[in-house]
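> this one's structure only:
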Ligand SMILES: O=c1ccn([C@@H]2O[C@H](COP(=O)(O)OP(=O)(O)O[C@H]3O[C@H](CO)[C@@H](O)[C@H](O)[C@H]3O)[C@@H](O)[C@H]2O)c(=O)[nH]1
Ligand SMILES: O=C(O)[C@H](O)COP(=O)(O)O
């Protein structure tokens, strides 16, 4: 058994924990994973899993303690862009920018909001908070925009200059100013690492109150079980869908970008297949609160993620929609959510794609 920094108690046999007792769901999100593990705590040990126990030990930063000054010194000529994708986030985008703005000109070289077609005051609030704002059109002129989050992250590569790029969702509530510094720490210190995912405790805020660790419903109920089944070497990745992550431009411009909400799982799987698990790191960001969507909005998100995941693993997806039965007072209405199976090409290849489109030799 190996001691791990995250204090993760993991299941090793179907329906059973390592000690032979039956599953009890709450144990999988035990306090010591989310809080500060006590040295010597029995639950700080896991049975080795194929290819991942060592990774979990070496590539997880449970207590990142770099100072901003240390990280600035570690940049050594590299520049850092922070990108916030935003669709109708007028309530929160300003405070997310404000949490990062003090780093501008030192650790961070640019903060760019890429708007995804907002119809509210997102753009005005983002500009007022001091960020540069790009629309999908201005970020990459001449290429007709598609809807969805993957599209704006992909376009952000065309309008930013950083050697390292940090993505941060713009629906965060009261984000910790250390998110960005912690995310770049592994990239600045370990040459092999190309992608760093944040992880955190995720409260779920609903009408019934706050469930302190009830968030991440798609992550816990769809993605991590599928990863366990199909790519077990990634089972130690705590938040594969995290919207807060950092990567090298080199990596991001070399891979295709999946549509919509498929973008995160696509990037994780492409990094694994192209560079191996040692190119991925994860860092503890503490706690993360965001706008929790209702279940009927998460179904289409999950459908897209399943399509992208299956595509990346070479498993044919029917392309069929998720049929949702939306309950109403006197019955239900029907809604179909289609996944998008096509990716955007690696940004590195775009120049030749655009030249071919205009018939250039
Ligand atoms: O068409 C869209 C949809 C969303 N967003 C922005 O993307 C971010 C995340 O979107 P959200 O709908 O809040 O996703 P979550 O419910 O938070 O979903 C989780 O899982 C998704 C799928 O992996 C990730 O994209 C998210 O970052 C992650 O937090 C927010 O800033 C949105 O404004 C866009 O820019 N365009
Ligand atoms: O990351 C996820 O699993 C989805 O965004 C849902 O998150 P939530 O349950 O915290 O709203």
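It's in. The structure presented is a predicted model; accordingly, all values stated were derived computationally and were not measured. Ligands and ions are numbered 1, 2, ... in the order given.
> List, one by one, the residues from this structure near ligand 2.
Of all the residues in the chain, those in contact range of ligand 2 (Cβ under 6 Å from any ligand atom) are 202, 204, 215-219, 241, 292-293, 298. C-betas here are computed from N, CA, C, even on glycine.
> Please name the nearest non-neighbouring residue to the residue in the stretch 101-250 of the chain that ligand 2 sits nearest to.
Nearest residue of the stretch 101-250 of the chain to ligand 2: residue 215, at 2.8 Å (Cβ to the nearest ligand atom). Of all residues not flanking residue 215 in the chain, residue 202 sits nearest, at 3.2 Å (Cβ to Cβ, 6 or more residues apart in numbering).
> can you count the residues close to the residue of the stretch 101-250 of the chain closest to ligand 2?
22 (other Cβ atoms under 10 Å).
> Near ligand 1, which residues of the chain? Just list them.
Near ligand 1, when you scan the chain using Cβ under 6 Å from any ligand atom, you find 85-87, 89, 116, 147-149, 152, 169-171, 241, 243, 261, 264, 290-291, 293, 301.
> Mind checking which of those are in strands?
85-86 (DSSP state E).
> Just the ones in helices from the residues of the chain next to ligand 1, please.
Among these, DSSP state H puts 149, 152, 264, 301 in helices.
> All the helices of this structure, in order from the start?
Going by DSSP H, the chain shows helices at 31-34, 53-59, 68-75, 93-100, 122-128, 136-139, 149-159, 179-189, 217-218, 224-230, 249-252, 263-275, 295-312, 350-357.
> The shortest one packs against which elements?
Secondary structure elements in contact with helix 217-218, counted by 3 or more Cβ pairs under 8 Å, 6 or more residues apart in numbering; DSSP states H and E, are helix 295-312.
> Report the separation between residue 75 and residue 178.
Residue 75 sits 17 Å away from residue 178, going by Cβ to Cβ, to the nearest Å.
> and what of residue 295?
From residue 295 to residue 178 the distance is 32 Å (Cβ to Cβ).
> And the two? Which one has more around it.
Taking other Cβ under 10 Å, residue 295 and residue 178 do not tie; residue 178 has more neighbours (16 against 11).
> Phi and psi next, for the nearest residue to residue 289 once chain neighbours are set aside.
Spatial nearest neighbour of residue 289, excluding adjacent residues (Cβ to Cβ, 6+ apart): residue 173 at 4.2 Å. Main-chain dihedrals, residue 173, degrees, to the nearest 10: phi -110, psi 120.
> which residues touch residue 173?
92, 95, 289-291 (Cβ atoms under 8 Å, 6 or more residues apart in numbering).
> hmm, 7 Å instead?
Shown in contact with residue 173 (Cβ atoms under 7 Å, 6 or more residues apart in numbering): 92, 289-290.
> any idea how far it is from residue 62?
From residue 173 across to residue 62, the span is 23 Å (Cβ to Cβ).
> Over to residue 184?
17 Å.
> Please say which of those two ends up with more neighbours.
residue 184 (27 against 16).
> tell me the contacts of the closest residue to ligand 1 within the chain?
Closest residue of the chain to ligand 1, Cβ to the nearest ligand atom: residue 243 (2.3 Å). Residue 243 makes contact with 167, 169, according to Cβ under 7 Å, 6+ apart.
> So what does residue 288 have for phi and psi?
Per degrees, to the nearest 10, the backbone of residue 288 is at phi -140, psi 120.
> just checking, it touches residue 199?
No: counting by Cβ atoms under 7 Å, residue 288 sits too far from residue 199 to count as a contact (8.9 Å).
> rewinding a little: quick one: which two of the ones in helices among the residues of the chain next to ligand 1 are the most distant?
Across those, no pair lies farther apart than 152 and 301, at 15.6 Å, counting by Cβ to Cβ.
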